[in-house]
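Asker: got a predicted structure plus its sequence, pasted below:
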Amino acid sequence: MAPSHRRPLRSPARLKAPMERLYEEFDWAARTPADAIRYPLAYPDPRDQEVVALLAACLAYGRVSLFGPWVAWALERMGPSPHGFVRDFDPARQGEAFAGFHYRFNRPRDLVAFCAAAGGILRAHGTLGAFFAAGYSPEDATVGPALERFVGEFRSPRIAALFPRRRFSYGYQHLFPRPSTGGACKRLLLYLRWMIRRERPDFGLWTRVPPSALVIPVDTHIEHMARAVGLTRRRSRNWLMAEEITSRLRLLDPADPVKYDFALCHKRMSGDCPGRRDAVVCAPCGLRPVCAHWRGWRPLERPA
């Protein structure tokens, strides 16, 4: 089998039917308990959903079994209304609210800064979505520029002042990466998918931004699946890879290119895709006709 960076991209005409079948038949409800989206789904109030979703998405690095208990820990301290807690948050008065928090790169001060930044946005704009939409222009090809502005508020000098020597901790910067640095920004793009897409399992709360502008959140699972079905030839998991995969998916569904994300990710995460040819596991898979692992790679179009 040819190295992935030398394989040609799959023809949209060949990909359309298998990808639509995957999307239509995938049991998203069965997989949400294993996904970070389960945390905002537990709240009926849209105002709570967007706040909880941002916290859960930011902390969604590593397995759900690892970060999930810490998301639940933080939410317990926010009380029945995370939106109200964050909106009224005062670092001087509530600076010890998250004492004891310790998940990998992140410490209590990172959550204090998270609440201070999000609270400032809520007081000024009412919702996180209103603030994001104010930074979005229909002339933007994707949500990238608006996300840059959104992250900028979380990394403003006012929030930097909460850290020693006014320098953000590594953990806090990890929560809010800037698209302009070239990283994949997977967790923030996941948050935008939850908030902007109109169909389940996503919430569709931010109606002023079209799903067509979304960029797919690329983690190790999406990277693997994208290589397998010929959506990317890039070797580095970064913003350029996310844009390339999204551009290919946009050929399948221009209005909602990121709709395939949940099914693709969980097909790999659940073990339904072993990453190699397996006669038993692969037998029921509708992606077999376009899968490099199953059939070997045959050129379908010239490389760009």
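Answerer: Looks like it arrived, so ask away. Numbers count the residues shown, from 1 in each chain.
Asker: what segments of the stretch 101-250 of the chain are helices?
Answerer: Along the stretch 101-250 of the chain, the segments classed as helices by DSSP state H, counting those that start in this stretch run 108-125, 128-134, 144-154, 157-160, 170-175, 186-196, 220-229, 239-252.
Asker: mind putting the ones you listed into TSV with distance to R47 and mean pLDDT?
Answerer: Placement of C-beta: from N, CA and C, glycine included. Below are the helices of the stretch 101-250 of the chain laid out as TSV (distance: least, CB to CB, whole Å; pLDDT from 0 to 100):
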stretch	distance to R47	mean pLDDT
helix 108-125	8	98
helix 128-134	9	98
helix 144-154	17	98
helix 157-160	21	98
helix 170-175	21	98
helix 186-196	12	98
helix 220-229	30	95
helix 239-252	29	97
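Asker: buried deepest among those helices, which one?
Answerer: helix 186-196 (a mean of 25; mean count of other CB atoms under 10 Å).
Asker: least trustworthy helix or strand in the chain by mean pLDDT?
Answerer: Least confident helix or strand of the chain, by mean pLDDT, DSSP states H and E, is helix 292-295 with a mean of 76.
Asker: just the buried residues of that one, please?
Answerer: The neighbour-count check on helix 292-295 (16 or more other CB atoms under 10 Å) flags A292, H293, W294 as buried.
Asker: which strands and helices lie in contact with it?
Answerer: When contacts are defined as 3 or more CB pairs under 8 Å, 6 or more residues apart in numbering; DSSP states H and E, helix 292-295 packs onto helix 220-229.
Asker: can you tell me what sits against the helix it packs on?
Answerer: 4, 7, 10, 15, 18-19, 216, 218, 231-232, 237, 241, 245, 261, 264-269, 273, 275, 287, 290-293 (CB atoms under 8 Å, 6 or more residues apart in numbering).
Asker: repeat that for 6 Å
Answerer: Contact with helix 220-229 is made by 4, 10, 232, 237, 245, 264-265, 268-269, 287, 290-293, as judged by CB atoms under 6 Å, 6 or more residues apart in numbering.
Asker: excluding its backbone neighbours, what's nearest the most centrally placed residue in the chain?
Answerer: For the chain, L190 is the residue whose C-alpha lies nearest the centre (CA atoms, centre = their mean; 1.5 Å). In this structure, L190 finds its nearest non-sequential neighbour in P217, 4.1 Å apart by CB to CB, 6 or more residues apart in numbering.
Asker: residues near the residue lying closest to M195 once chain neighbours are set aside, how many?
Answerer: Of all residues not flanking M195 in the chain, W206 sits nearest, at 4.6 Å (CB to CB, 6+ apart). The tally of other residues near W206 (other CB atoms under 10 Å) stands at 22.
Asker: same question, the one 4 residues further on
Answerer: The tally of other residues near P210 (other CB under 10 Å) stands at 15.
Asker: cool, and P284?
Answerer: 8.
Asker: need the three-state assignment for it.
Answerer: Under the three-state scheme (DSSP: H, G, I helix; E, B strand; the rest coil), P284 adopts coil.
Asker: just the CA atoms of the least confident helix or strand of the chain, as PDB, please.
Answerer: Extracted C-alpha coordinates of helix 292-295, given in PDB (Å, rounded to 0.1, in the frame of the first residue of the first chain):
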ATOM      1  CA  ALA A 292      -7.600   2.000   1.600                       C
ATOM      2  CA  HIS A 293      -7.200  -0.600   4.300                       C
ATOM      3  CA  TRP A 294      -9.800  -2.900   2.800                       C
ATOM      4  CA  ARG A 295      -9.200  -2.700  -0.900                       C
END
